[in-house]
Each structure stands twice: as structure tokens, then as C-alpha cells.
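Student: Could you work out the structure for the sequence below:
(chains A and B)
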Amino acid sequence: MLAILVFFPIIAFIAILLGAPARLTTISVAAANLVLGIYAAFSWQCTCWSLSLPVLEKPALNLAFGFPDGMSAIMVLLTVIVTLAAVLSGKAPEGKDKLYFGSSLLISAGALGAFAATDLFFFYAFHELALIPTFLMIGMLGRGDRKETAWKITIYLGLGSIILLAGLVWLANLTGTYDIADMIAAKDKVDPASQISIAALLLVGFGTLVSLFPFHSWAAPAYASAPAPVAMLHAGVLKKFGLYGLLRIAIPLVPDGLQTWLTPLLVLLLGNILWVGFVTISQKRLDTMLGNSSVMHMGYIFLAIAALIAFPGNPLAQPAAVLLMFAHGVSIALLFGLADRIERNTGTLDLQDLGGLAKSAPKLAFIFGIAAMASIGLPGLANFSGEVLVFLSAFKGYNGTASLGPVQIACILSIWGVVISAVYMLRAYRNIFQGPAVKSTESAADLTLVDRIPAVLLVLALFAVGLYPNILLNLLK
Amino acid sequence: MNLAWILLFLPLAVAAACQLVLPKSPIVPLVSTASAVATLVISFLLLGKIETHSFNWATIGDFNLQIGIQLDRLSTGMMIVVTGVGALVHIFSLAYMKDDSAKNRYFTGLALFMFSMTGIVLANNFIMTFIFWELVGLSSYLLIGHWYQKESAADAAKKAFLCNRVGDFGFMVGILMLWGITGTLSFSEMAVPATISSGVIGAAILCIFCGAVGKSAQLPLHVWLPDAMEGPTPVSALIHAATMVAAGVYMLFRVQLSIGTEAFDGFAGTTIAYVGGFTALIAALMATQQDDIKRVLAYSTLSQLGYMVMAVGLLAGEAGMFHLFTHAWFKALLFLGSGAVIHACHHEQNIWKMGGLLKKMPITGITFFLGFAALIAVPFTSGFFSKELILEAAHEKQPLLFWIAAFVAVLTPFYMTRLFVVAFLGKAKSDNADHAHEVSPLMFIPLVILSILALIAGYGFVNAYAPAAPEHAGEFHLNFLFWVSAIALIIGAGAAFLLYAGKDKDPLSIPLFKNRFYIDGIYDHFLVRYFQDAFAAIIHFFDEFLINGLLVGGLSRGAASTGNLFRKLQSGQLQAYSFAFGLGVILVIYFTVFL
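Tutor: Next comes the predicted model:
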């Protein structure tokens, strides 16, 4: 009954439009979805979650949901966790409650729909559904030059989506079905020449949605401008759609085509990790720094995907990618949520204007510290478990007799990114929380008990997966 | 529940409880100390046991990452060092940190450190070592930055973490290579197939060694350790003298045992030995011109770690571990002694503002003198026996390194005698030193215990508790090596005594040594500011103007015209966004139905 999970937020959205109290409704639905989502994820093998409603007779188009494997279950889990945290952290501007909370619900519903859909059409359509409220929230409630930013990501993601669409439709036509499982069963119908072109379309299309270098420049301004719940939901959850799509659609259907593009992909992912890494170092504001860091960290998940392309059947790569997607989603959502708090409590996110905040806001400093450490891959927190598995997966096939292959070389270079992450994160932490207090931080408020609830939810998720990764890996068996 | 698991997880449980359950409670320091003492007791109970325990941590099909404990002579002996110094430092800290407003945070950090360090020592595989390796880095970061409102402390903490991270880059690459080569991550199963060329295995070992270079502060990543003295002094004793910085040596020796010394025989071993030897030399030269009592000791630590690393590189890991064992006690003693001095002198750390402390604080003074004697390798102290073994190994294998090491043996008594003469003898050189008086028993009892160990830890009967057993430990021979050491000691100590006795300011001035060979400056200004930051700014510029401007510029112009189109359609934003979305859906339906 996954459909409940997906349509619950949509029904709530309609209820809010009709006059239900926005914040209360949203939080209750998100909380209910969290409980249901956790239950669903940990029992995904049950066929009871599947549902298929015919929409069109010819060609057969079904509104179909289900968990084809543990990966979907984990993505749904990520979505419900981040959704509740996002709607709890957000504070709507005066009189904008409906838009603010309603949009958050729609984004969540779109993400859930995309991760749970087993039909290609709805897989795509739900993601698009989630993008509209994202654009709207940035355009209407964003900070800075929000109009320009909203346009930029509309065009960017719109173009990415169209390219992606072309690839998906091509695939659907070759295989003659929209059911993803049936498509994979009929993958022999995709001839080698088409594979190469389709693989390129999917890499660029999905890649743009995940801010693959050099299609990344929408991300940092968008997250800096977006209201907190949108930044949390998009960077944490929705952006993973592209990676999820590569793993769900591209890898099974066009593995040989992807092989052709392996070297370019390696170069581009190093662009994410090293190029964008250095861009991140030179940021002067926390929000753009976090935005760029989230672009950078996508490179590691692409590395796992590259490892899977280079060694078909690489057992470590997909679990590594899924673990890191989950970890990154939770940690970046936590960071964006806390950054919003810092801005509300001190009035600025400019690193130059902050300092010594740990004195007046020790709890904020403590939780931000955990989030920062998670983000730079400290063991015990989820991101490390994902990263170390990614690195191991990239060394699959190396045995010391032959020289290092391209994936291993890319892996070694990307491990340098671990140093880069530490440089900008610790620098930011140093500038914001340590040193003597300054004017903006002298009497800044700390996190209240209510503020801490969403943060603790995310921190618990980071610790659970960090201390014992098998908690998620067992779902992937 | 097995004792070994309790040993590992008790400090974590204590740290978690202190942070979550007892954040403001006055019993936190006592709980943390009790836990450290309990782990010492458990370490004695486990001494010499040979067992392994493990559970699966991350499982994917046949692949398994484990959290596993390996008890053997090496790990149980090392645990005695860690928990022994740990327990004494905790007790010392009870008094030293009594008036600190954030002492709960401090003791929580110590418990976290004990957990992390125990993990490194007990680990039975590389990934677990790496996990705790990083956690040790975190606890060190937290404790160096204990007084985070001080700019210098916050900077030092960051620097320590980053230097370690640079080392860990190589460490991770090395782990991956060794995993590929041997097909396992477990220390006990690791074997190098004969088909592997010595170049590949040597490269892998040197990558692993990078981790040790970071953690054990060898050249060129040594710069963080002297700055780490910004942390509270007991932390310097525990983490930055006796245990964490020794972890690099421990890890190297563990790797050497598991993949065999043959793999180190060749350029890998030689490189390691020379890095160690030069670190020993350069750090000792720097130590001769430092005025801060803790910094002298910090450079001395670097130098002694250089000896240990050199020993491992010379395939004499037992000697290196033996020196690690003796050094842990006498260096912890010297640091805690300097802590007592700093405490008594109202946070004065400049030796030229001390003087006459032996009379004012006799217990501290005498115990410090015993630690000093062990460090400068006065015959029949613990440091003498362990250093002789390292010199012997160098003498056999690398004559050049032997003479470097022998020269370091002149420098060590020189800078330590300088320190002792200036700070403890003569007249008080400031009011703070004049008003100093002996510290409380809680502080001097650990000093007394450590000073006894500094004297006897080199003899065979104590060596039974050490992590490794070199063949001739504690034996005395009146041979060439002895005379080299004895002459070195007399020259170094004698010269310093003649030069510094009764002086009020330093008669020597060697800017190169005082400014640490300008290495720190080069890093801060050249590497960080002009290389990394300028490079980052350039990349940022290109990112903005090339990718965002040119590549996306075309798109934006397209966007502008699309925008005009929408405006012509007199369409609001909402409609425009919906249009973009709707277009996609319509296209899908179109393709679906008509193709």
C-alpha cells in the first residue's frame, strides 16, 4: 500500500488549500509518513506494498508502485526522515503558510512517488511534480536574487529533464513497455548503437539533475536562495533522483553503452570532487559553501556508479552508492537546517561576520559539529560507511599485478577530496563557532527544545548507519 | 560479555553517558577517571592473552567489514601503556582542571580518546584501524581546541586535524592497494603473493606510511604537534607524547608483523628509516632554541618518534616498540611535570621566566629530573636501554643513519639540560616563579609513579608488560655503542651546562632553529595562502565565468528569450513553471500514444 505513502501528502496539500491549518496538517502527515515509511522500508519484501492501477489500455500505462529492491526502500526511508525534519525546521514567512508547507508536502510526495514508482512514466512524472513547488518556493520565498535563481534552475533542470525524457522514451520504444521490470527483462532489444546514444542522454539528463560537473552551476545559488525546507528536501532527497535513476534504469538497461562513456564520466566526477572542491574552499558564505559541498560530494556517488560500469556485477558498488546517497541526504539536510537556524539567530551567514558562536549557542555548535564531521566522512557517522565502501568498490579488480586502472586512479584522486572537505568544513566551523564572540553572536539564541527535535532525528539516522551500516545493508540483500 | 569488548566499549559508554546523561553533573570527572582505572585493571587481566573476537559491521554478500579485536603480546602490552598513562593523566587532570569551567567537556573528550586509542590498539583489520585512527584525530582535535575561544587554540586544533587528514589520504590509498594485493583486510590473514613486484608492495607500504607520518608527526607533516601544545598540558602528556603520536609507530610495526619484514626490505624500509632519522635530527635542532617549556618537550617528542620510526624502517621494530614503551612513561612524566610547573607559575610557560623551581617544588623538580635523565639516556635508566637498541640497529644497517642518530644523542642532552638548568636551577627570574610552591598530592602522586617507571621500565622484569620483547632488552654491554652514547651524553649535557648555568637570557641565537627552519611559515604563507587559497580562488573565478558565464551563458540568453516569450504570452510565473512541467508530460503522452 505504498500509494498511501505517496498520496497522503498530496491529499494533505489539497486539504491545506481548502483551509486546513497548514503547519499542523503538514507536520502530522509528515510524522505519520515517517512511521509508515520506516515500517514499509523494513518490510519491503512483502508483496503487500505493490499496487498497479491501469491508466491507459494501449500502450499499457499503469499507475504502479512497489519496491523492486531494497534500494527503493532506502530512498523512501530517506525521504520520510528528511521530510519530517524539513517541515519541523522551517519557519514560514508571515502569511505564506499555505504555500510554504503545501509546497514542502508536494516535493515530498513527488520524491516518494518517483522512488516508489515501478512504471517509467510515473517515475519521471513524479519527479517533475516535485520540481514545480521547488521552483515556486525559490521564486516567491527565496532570498537574494531569487527570480534569477528560480529561472536559472527552471531552465537548467527543465533542459536536463527534456534530455532525460528523450533517453527514457527511446528506451521505452525499443523495449515496447513502460513497466521498468519488463523493460529490464527486454533489455536485449536495445541494440549496441542505440545503447551508446541512450547512455549519453541518460548520463547528461540524470547528471544535470544531480549537478554533475559541468552542469552544476545551478545548485549552489539555488540552495543558497531556497527556503530551508526546500534546500533540505532538494539537496537531501530530490537530487538523489538522478543517481537513483542511473542505478535503476541506466545500469541495467544500457550497461555497454555506459562503458563507452566511462572515461568522460571519470573526468567529470573528478570535476565534481576536485574542481568544485576548490570552488567550495573559496566560498565566503556558509550557504553557498554548503551548496557547493553538496555538489562536490555527488562525485563520490558517481564514482561508485563508475565502478559498477567498469566492473559489471561489482557487488560493492551499488550498496556503497545507496549507503552514501542516504548518508549524504541526511547530513546535508541537517546542515541546511542548521544553517537556517544560524541565520535566524545571528542575522548573517557571512563567515567573516561570525565567530565564537559556541559560547552563546553550545547546543547548536555541538549538533553542527556532528553534521560537519559527518559531512567530512568521520567514522561513526553514516557518510564514512558509504565512502569507504565506494573506495573499496573502485578497487575491485585491482590485484597488484597489473598497473592501476582508470577507475582506481580516479578513486585515488578523489580521496584527496576527503582532505578538501576537511579544509572547508573545519574552516567554516572555526570561523562560525570558535574564537572570541563577535557582535552578531554575543547574545545569539541557542537551539530550543523544539528546534532540536528535527536535528536529533537526523543525527540519530547518521549515527545509526554510521555505527552499524548493516542496518541498511541488510535491506539490500 | 567478554572482557576485551568491555575494555573497548567502556570508555565509549562513559563518554556517551557524560555527554547525554550527565552534562552538568559534578561527577563527570570522577566517572571518566574511574573508567580509565578500570580499563587499566582489565588490561592487566588481558595481558599476554591470545584471542580474537569480532562481529560483522558491514556485510555485502561474501564481503565483510568487521569490528574485531586481536589480543596478542603486541596489543595487550600496548594497552598497558595506553591505559597506564591514561589513568595517571586522568588522576592528574582531576587537580589540574579543577577550576576549568568546561571540565566536563574535557573529561568527556578524554573518555572519547581512550575509546579511540583502544580501538587502534585492539583492531584486527585495516578498516577498523582506520576508523579509530580518524576518531583519535577527532578526540585530539576536540582536546587541543578545549579553549576554543582562544584563536591560537582553535587554529592549532584545525591544523592538527588537517595534517592528519593529509596523512590519512595516503593511508587510505595504501589500505586499498594492500587490499587489492592480498585480497584481505585482516592483519592475521595478510600475505603478499609471490607474483607481486617489490615496487608495487613498496609503494603500498609507503602509502600506509603516510598515515604514520601524519599521526606520528614525522617530516614533513610534523608542524601540527608543537602547535598542539595549545591544549591543556595533561592532554599533551597523554595524546601528544605517550599514546596517539606513538600510534603511527604501532601501526607500522603491526603491518610489518602481518605482511612480513621482507616487504619492508628495500626502498620502502630505507625511506621510512631516513624520514625517521631526519625527523629526529631536525626536531632536535629546533628544540635547542625554543623558550616555551612545552614546545621544547614537543620537539623532543618529534625527535624521539623519529628514532622509533627509524627503527621500524630498519626492520628493528621490536627496538622501536621498546623505545615507545619507555618513552611513554618518561615523556608523560616530563609533560605532567611541566604541567605542574605551569600550574604553579600561574600559566607561565617561558623557561626564561622560571628558574629555581627545584627548591620551590622539590617533588616536581626531582621527578622531572628523573624523567630528564631517562630522556637523555643516562646509563641504567629506561631510556638508555631502549635507545641503545635503536643505535645498534642503525649501526648494523645504515652507518649514515647511525651517525645522525648519534648526533641526535648529543643534541638531546643539550636541549634538555638547557631546559632543566634554566627552569629548575639558579634564581627565580619572575614573580610567578618566585611565588611557585609544590602542587597537591593528586598531581604529584602520578609524577612519582611515572618517575619510578622512567627508571625501571628498561629492565627485563618490567619489559614483560611491554608490547614487544627485543632480544637484549635491559642488558648492558661495555661496547663501542656504549662509549658513543656516553660521550654524546657528556658533550651534550656538559656544553649546555657550561653555556646556560646562571644565565638570564639565551646566549645563543640561531634564527634558523628558533624559526623551525621556516617550515611552518612556508606552509602557512606559501602552501595555504598562496597555493591552496589562491588556487581555489582562481578555480572559483573560472567556475563563475567559464562554466557559469560562457557555457551556461548561452542557456541564460535562451532563458531570457524564453522569458520574453512567456511575458508576451502575459503569463505569470506560476503558469510559466507549470508550462515547463506540462511540456514534459505532454511530450511523454505524445510519444506514448503516437510512436
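
Student: What parts of the stretch 51-200 of chain A come near chain B?
Tutor: A:56, A:59, A:61, A:121, A:124-125, A:128-129, A:131-132, A:135-136, A:139-140, A:150-152, A:154-156, A:158-159, A:161-162, A:165, A:169, A:172-173, A:178 (C-beta under 8 Å from any C-beta of the partner chain). From N, CA and C alone the C-beta is placed, and that goes for glycine too.

Student: Weed out the non-buried ones from those.
Tutor: Buried by 16 or more other C-beta atoms under 10 Å in any protein chain shown: A:61, A:121, A:124-125, A:128-129, A:131-132, A:135-136, A:139-140, A:150-152, A:154-156, A:158-159, A:161-162, A:165, A:169, A:172, A:178, out of those.

Student: Narrow the residues of the stretch 51-200 of chain A next to chain B to those in helices?
Tutor: A:121, A:124-125, A:128-129, A:131-132, A:135-136, A:139-140, A:150-152, A:154-156, A:158-159, A:161-162, A:165, A:169, A:172-173 (DSSP state H).

Student: Near residue B:329, how many other residues are there?
Tutor: By other C-beta atoms under 10 Å in any protein chain shown, the residues close to residue B:329 number 29.

Student: Residue of the stretch 351-500 of chain B closest to chain A, please.
Tutor: residue B:467 (24.1 Å; C-beta to the nearest C-beta).

Student: okay but residue B:177 is in contact with residue B:204, surely?
Tutor: Yes: contact criterion C-beta atoms under 8 Å: residue B:177 and residue B:204 qualify, at 3.9 Å.

Student: anything in contact with each of the two?
Tutor: residue A:400 (C-beta atoms under 8 Å, 6 or more residues apart in numbering or on different chains).

Student: Please say which of the two ends up with more neighbours.
Tutor: residue B:204 (27 against 23).

Student: can you give me the helices in the stretch 151-300 of chain B?
Tutor: Along the stretch 151-300 of chain B, counting by DSSP state H, counting those that start in this stretch, helices occupy B:151-182, B:198-215, B:224-227, B:233-237, B:247-259, B:267-287, B:293-313.

Student: helices and strands around the host helix or strand of residue A:425, which ones?
Tutor: Assessed by DSSP states H and E, residue A:425 sits inside helix A:406-433. Helices and strands touching helix A:406-433, by 3 or more C-beta pairs under 8 Å, 6 or more residues apart in numbering or on different chains; DSSP states H and E, are helix A:262-270, helix A:276-281, helix A:286-310, helix A:357-360, helix A:362-375, helix A:382-394, helix B:151-182.

Student: mind putting those in TSV, mean pLDDT and distance to residue B:60 included?
Tutor: Shown next, in TSV, are the helices and strands packed on helix A:406-433 (pLDDT from 0 to 100; distance: least, C-beta to C-beta, whole Å):
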stretch	mean pLDDT	distance to residue B:60
helix A:262-270	94	22
helix A:276-281	91	28
helix A:286-310	95	12
helix A:357-360	90	39
helix A:362-375	95	22
helix A:382-394	95	8
helix B:151-182	92	14
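
Student: could you dump these to TSV with distance to residue B:190?
Tutor: Shown next, in TSV, are those (distance: least, C-beta to C-beta, whole Å):
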stretch	distance to residue B:190
helix A:262-270	29
helix A:276-281	33
helix A:286-310	23
helix A:357-360	43
helix A:362-375	30
helix A:382-394	16
helix B:151-182	5
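
Student: which one of those helices lies closest to residue A:330?
Tutor: helix A:382-394 (6.4 Å; C-beta to C-beta).

Student: touching chain B at all, the closest one?
Tutor: Yes: Helix A:382-394 comes into contact with chain B (C-beta under 8 Å from any C-beta), by way of A:384, A:385, A:388, A:389, A:391, A:392, A:394.

Student: Below-threshold pLDDT in the chain: ranges please.
Tutor: I'll assume chain A. A:58-59 (pLDDT under 70).

Student: wrong chain, I was asking about chain B
Tutor: Across chain B (using pLDDT under 70), the flagged ranges come out as B:1, B:548-595.

Student: Strands along that one, start to end?
Tutor: Ranges of strands within chain B are B:51-60, B:63-71, based on DSSP state E.

Student: Quick check: which of the ones you listed is nearest to chain A?
Tutor: The nearest among the strands of chain B, by C-beta to the nearest C-beta, is strand B:51-60 at 4.2 Å.

Student: Name the residues of the closest one that are buried.
Tutor: B:52, B:53, B:57, B:58, B:59, B:60.

Student: looking at it, the second one is touching residue B:6, isn't it?
Tutor: No: judged on C-beta under 8 Å, residue B:53 makes no contact with residue B:6 at a distance of 11.3 Å.

Student: before we move on, back to that, how about the residues of helix A:382-394 next to chain B in TSV, adding neighbour count?
Tutor: Shown next, in TSV, are the residues of helix A:382-394 next to chain B (neighbours: other C-beta atoms under 10 Å in any protein chain shown):
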residue	neighbour count
A:384	26
A:385	31
A:388	24
A:389	27
A:391	26
A:392	25
A:394	32
